[in-house]
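Asker: Model the structure of this input:
(3 chains)
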Amino acid sequence: MSKKILAVDDSKTMRDMVSFTLKGAGHDVLLADDGVNALSALTGETVDLIITDINMPNMNGIELVEKLRADPRFRATPILILTTESDDGLKQRGRAAGATGWIVKPFVPEKLLKVVDKVCA
Amino acid sequence: MTDDVAEGQQVPAGFDPRLLGKAQSDVDEQDVQRGKLVQYVSFKVDDSEYGIDIMAVREIQGWVTVTTLPNTPEYVRGVLNLRGTIVPIFDLRCRFGNGLTDATPLHVVIIVAVGERIMGLLVDAVSDILTIGTEEILPVPEIEARSDQRFLNGLITVQDRMVALLQIEKLFDIDELVARVGAAAE
Amino acid sequence: MLPAMTDDPFAQFKLTFFEECTELLTDMEQNLGLVESGSFDNETLHAIFRAVHSIKAGADAFSFKRMVAFTHRFEFLLDLLREEKLAVDEPLVDTLFKSFDVLSDLVSFAQNGEEPDAEYGQDALAAIEGYLSGDVGSQPAAEATTDKPVVEEKTDQAVVETADVQSKEEGINHFRIEFTPKEAMYRHANEPLLIIRELMELGEITTTIDTERLPELAKLEPEDAYFSWVFELKTRYGRDDVDEVFEFVIDDCDLTIVTLGDDNEVVSVDVSPGHAGDDDDDFGFFVDDEALKSGVVDANPKPVEEVVAETKPAEVKAPAAAPAATTPAAPTGPTAKAAMPKSASIRVDVDRVDRLVNMVGELVITQSMLAQEVNNSAMDQSSNVTNGMEELSMHIRELQENVMSIRMQPVKSVFARMPRIVRDVSKKVGKKVKLITEGETTEVDKTVIEELADPLTHMIRNSLDHGLETPEERLAAGKGEEGTIRLSAEHRGGRIVIEITDDGRGINREKVLSLAKEKGVVAEDASLSDEEIDNLIFAPGFSTADEVTDLSGRGVGMDVVRRNIQALGGRVSVTSTPGVGARFQLTLPLTLAVLDGMIVGASDEKYVIPINNIIETVRPPSSDVETLIDGNKVIRIRGEYIRVVSVARMFGDVNASNDPSKGLVVLVEADGGKVIGLHVDMLAGQQQVVIKSLETNYRAVKGIASATILGDGSVCLILDIDALARMEVPKIKKPELMADSFVPKQTEQTEMPSAEHLEAVTA
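Answerer: As a prediction, this is how the structure comes out:
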């Protein structure tokens, strides 16, 4: 089923790859290049899933997750964080902030789609 | 704009020779694709008939006044505006060493693509679209002393007429052009 | 990491990646410059870290292994730096720059599909390792290791063992799964129903739900977890696949997976968390942070509780998790946002913009064609058509300006490279230099930017090498030890002016003049003004002896700089005051796409003279015209003699008039301030023209810069004034010089446009 997904990454390459993969599977994709712009993209907009990078300027992914979880509209929205390696420290911080799961970069398309299916109703 | 040229779109006063080719001959498309058959646009310069690969031909139009380019070889008649692209026009008669063509609106310019470049060839008249088997192409005899010898890559006979097949890359050697750019920049 | 690399689904993004690398590296270089100068803050360091981090992620995606390996270590170093575990000193800055170089090169290598030598970058890597193994750097990438929960490793081992035993893909496996979600699972937006759904996809399933814990309605917390499930699963899939279903929630639930044999006997029992933090996995779920923080284990009365407690040594985790939670990655809250205003922007393929520029160019031509028709039609000047045409013309002009502005970019991207060059060169030549850049936001067309880097680099090197003195010399001259090079850009009269000013010794005129004479650049008996002598450094064939061998040159002289600038329709000149310094001035058109031109008629042809070159137009009385001994004409203007060139003759029309008093003379200034007169028949008006290259389909033509298309659709050539100033009119007396290229052509113009016609064209 088609989902509306917000992908947040400061790297254009990553955004493109995530977007390409998701769109290829028929999902609608919104993009933002940092936490601040992610929040403004979500003004008056709800999504089925948020995928966010951690290391970003202006507002990093952890802060973004915290802010989203504090917003009643996004309390139940699955949030996946993108990390460069299986970095447990980062994952724990993501977890503490309220993230649902993580995806390790680089990812293969099948894996990303599988995870999306997994967390999206 | 170049895209338009490459796609051979219809233009006023011009026609797409490939359409003509399809209409005139019952060519089996597959044969053409398999390379058994090849198609040439044939045209006249003075009393000789020449053919160029139809795949290189973009369009054909009547002669119009061109803007003269200074400091270029005599056979470069100048440049014209082909839907926004500046296209050089070469006088084939002159290129073959037989002097400038006294061009009139009845003369014809064949727009061709050579690699990435679009150029026009000033000829006397376009005569036909020829569909021939590759086996019909004969090598150019070494001994024959034609002024255009070095530009040919084969000869064919069509209804008792001899048609010399031109290799347009050789007419305006791209390397030569590149070398000249360097020289011109001096 | 990417097993499906064989037919890489992401190959199409490589281009984006390299573009991004270029941007990141440019910013990074600038930030490194800030670090070096000491004027940086924590965000500078974070930005540098992020740049390397992003490059690493991309490199990883495209399997650029060398880049991944290098960025991995470089990132550690930068992590220490941003965590303020390293002091910024000169050796560190050196290492950073060195590493930056290596990284830039690795990107280039990857882009060109080359593989660098195994040795390549090892010195930089060694320098990095030096820091990483040092006292402060013993724990690289703090977030990666220092707060890594120990428990994960234990459970990993358990998983490996059980997985080895359990994963049999063939035949039917039978599992009993007891699944009790905890409240945390909902807080992380995980949904038990999804898990059940996924489980159902594996095979045949029977479900028993335990609602024992469900409290009475009044006490029910909507977001708490009250249900437990027991699943009996018969599946062709293995244990790994079952584990994967629970991977996201493994630590947010109590989970027992029992493997049953053919006769429903228990083969093995696994209690959660059984699979958390599998480092080889590309995704996963989190352990319960509440448990981590509190150090308490979930106290649900479950039979497996003891086992759970053993596998969750919360005491170990608690201290580790706490710092992690209180150290957000970057101190870049909303305050940082305010400091860095971001303009909303989109990225557009340059090709698309170029197409747009071309289309607007066509539109301009079509519009002027229409305007001409309307003029010719003797339509009422106040008619709707005429008014509409005027409005259309205004809108198109505005549209054109706007479209052109899309391609405009600040010169920052080029300027940003210069601190680096100054740094490297000054070190090599043992000089102390401060580089000041101004006007970095000045915008110029992208095509111009691309061509600017080389000339600027060369000129900066030249200033460093020849202009500035050594500290000792400076002190002796009563100057401060440290020299200054000022690089500035500004818009002036529709052009961009870039100046490179140094406070060095200035040009040694004596040396330049004697060298120029020695090399035959000027005649032995030439008497030149100071300014002329200074500008000799641009003369072809002039390059001082040391220049060829030294670092600034790579064997290239200032004449090449001038030629490159001229090719862009620009000029370069120098003014120097001995002992005080020199100033190089570069002026360039803002765009290479359009040009303001004067259309002139000569012989039967029309030409465009760039307005920028034109000083004035005169109709010289015959008394002011002199013929030199070689047949060339000069005219006297305000007491000065100026060489006049007949454009028609220059371009091969031997029959054209050679008498300037019979026509018009357009005085133009060529490069280096040289003034010549162009003898033409008529002026046909001034207009902005769209520049079309002759080289797209043909080649460069001597004396012609490019072409344009006029309102009537005809091609009109744009004169190359600098080339014309150097060219000699072909002489009929020496036909051998004319070989091939100067043969006069028979005229093709059957309809010669009348003067009136031309006026109308461009009115």
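Asker: can I assume residue C:643 is in contact with residue C:630?
Answerer: No - Residue C:643 is not in contact with residue C:630 according to CB atoms under 8 Å; the separation is 10.7 Å. C-beta: built from backbone N, CA, C; applies to glycine.
Asker: The two: who's more crowded?
Answerer: Neighbour count, other CB atoms under 10 Å in any protein chain shown: between residue C:643 and residue C:630, residue C:643 has more, with 14 against 8.
Asker: Name the residues of the helix or strand where that one lies that come out as buried.
Answerer: Residue C:643 is part of strand C:640-646 when elements are defined by DSSP states H and E. By 16 or more other CB atoms under 10 Å in any protein chain shown, the buried positions in strand C:640-646 come out as C:642, C:644, C:645, C:646.
Asker: excluding its backbone neighbours, what's nearest the residue in chain C that chain B sits nearest to?
Answerer: As assessed by CB to the nearest CB, chain B sits closest to residue C:651 within chain C, at 3.4 Å. Leaving aside its sequence neighbours, residue C:651 sits nearest to residue B:70 (CB to CB, 6 or more residues apart in numbering or on different chains; 3.4 Å).
Asker: so the one you found makes contact with residue C:648?
Answerer: No - taking contacts as CB under 8 Å, residue B:70 lies outside contact range of residue C:648: 9.5 Å.
Asker: re the thing from before, what helix or strand is the residue nearest to residue C:651 located in?
Answerer: Assessed by DSSP H and E, residue B:70 sits outside every helix and strand.
Asker: same check, this time on residue C:685
Answerer: Going by DSSP H and E, residue C:685 is part of strand C:682-690.
Asker: who does that strand pair up with?
Answerer: strand C:594-602 (antiparallel) (DSSP bridges).
Asker: Sheet-wise, list the partners of the strand holding residue C:643 with their directions.
Answerer: Strand pairing (DSSP bridges) places strand C:640-646 next to strand C:633-637 (antiparallel), strand C:675-680 (parallel).
Asker: Turn those strands into JSON lines, including distance to residue C:47.
Answerer: Converted to JSON lines, those look like this (distance: least, CB to CB, whole Å):
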{"stretch": "strand C:633-637", "distance to residue C:47": "58"}
{"stretch": "strand C:675-680", "distance to residue C:47": "50"}
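Asker: Quick one: closest of the ones you listed to residue C:489.
Answerer: Residue C:489 lies closest to strand C:675-680 among those, at 27.1 Å (CB to CB).
Asker: Contacts for the closest one, please.
Answerer: The contact list for strand C:675-680, computed with CB atoms under 8 Å, 6 or more residues apart in numbering or on different chains, reads C:600-602, C:607, C:609, C:615, C:618, C:633, C:635, C:642-648, C:657-658, C:660, C:663-670, C:719, C:724-725.
Asker: same check, this time on stretch C:619-630
Answerer: By CB under 8 Å, 6+ apart, stretch C:619-630 touches C:633-637, C:641, C:644, C:659-661, C:663-665.
Asker: Can you flag the buried ones in those?
Answerer: Buried subset of the contacts of stretch C:619-630 (neighbour count, 16+ other CB under 10 Å): C:633, C:634, C:635, C:637, C:644, C:660, C:661, C:663, C:664, C:665.
Asker: Now the element after the helix-or-strand element of chain A with minimal mean pLDDT, going C-ward?
Answerer: The weakest-scoring helix or strand in chain A, judged by mean pLDDT, DSSP states H and E, is helix A:88-97 (a mean of 79). The helix or strand immediately downstream of helix A:88-97 is strand A:101-104, counting by DSSP H and E.
Asker: Figure out how far that following strand is from the centre of its chain.
Answerer: Strand A:101-104 sits 9 Å away from the centroid of its parent chain (CA atoms, centre = their mean, to the nearest Å).
Asker: mind listing what that strand pairs with, with the direction of each?
Answerer: strand A:79-83 (parallel), strand C:283-284 (antiparallel).
Asker: quick check: angle from the longest one to helix A:88-97?
Answerer: Translated: strand A:79-83. 160 degrees (axes from the mean of the first three to the mean of the last three CA atoms, to 10 degrees).
Asker: and strand A:79-83, C-alpha only, in PDB?
Answerer: Extracted as PDB, the C-alpha positions of strand A:79-83 are listed here (Å, rounded to 0.1, in the frame of the first residue of the first chain):
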ATOM      1  CA  ILE A  79      10.300   7.100  12.800                       C
ATOM      2  CA  LEU A  80      13.400   5.400  11.500                       C
ATOM      3  CA  ILE A  81      16.800   6.800  11.900                       C
ATOM      4  CA  LEU A  82      19.500   6.500   9.300                       C
ATOM      5  CA  THR A  83      22.900   5.800  10.700                       C
END
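Asker: give me the number of residues near the residue in chain A that chain C sits nearest to?
Answerer: As assessed by CB to the nearest CB, chain C sits closest to residue A:95 within chain A, at 3.1 Å. By other CB under 10 Å, the residues close to residue A:95 number 28.
Asker: do the same with residue C:187
Answerer: A count of neighbours around residue C:187, defined by other CB under 10 Å, yields 19.
Asker: now the least confident helix or strand of chain A, how far from the centre of its chain.
Answerer: 14 Å.
Asker: ok, and what's touching the helix or strand that contains residue A:6?
Answerer: Secondary structure assigned from DSSP H and E places residue A:6 in strand A:4-8. Applying CB under 8 Å, 6+ apart, the contact partners of strand A:4-8 are A:15, A:18-19, A:22, A:27-35, A:37-38, A:41-42, A:46-53, A:56, A:61, A:64, A:116.
Asker: Please repeat the previous calculation with a cut-off of 6 Å.
Answerer: Strand A:4-8 is contacted from outside by A:18-19, A:22, A:27-32, A:38, A:47-52, using CB atoms under 6 Å, 6 or more residues apart in numbering or on different chains.
Asker: So for stretch A:24-43, mean pLDDT?
Answerer: Averaging pLDDT along stretch A:24-43 yields 88.
Asker: Can you read off the backbone torsions of residue 60?
Answerer: In the absence of a named chain, chain A is used. Recorded main-chain torsions at residue A:60 are phi -80, psi 170, according to degrees, to the nearest 10.
Asker: sorry, should have said chain C
Answerer: The phi/psi pair for residue C:60 (degrees, to the nearest 10) is phi -60, psi -40.
Asker: go on, residue C:79?
Answerer: Recorded main-chain torsions at residue C:79 are phi -70, psi -40, according to degrees, to the nearest 10.
Asker: and the host helix or strand of residue C:426, how far from the chain's centre?
Answerer: According to DSSP H and E, residue C:426 maps onto helix C:418-429. Between the centre of helix C:418-429 and the centre of its chain there are 22 Å (CA atoms, centre = their mean).
Asker: same thing with stretch C:707-720?
Answerer: 33 Å.
Asker: average pLDDT for that stretch?
Answerer: On average, the pLDDT along stretch C:707-720 is 87.
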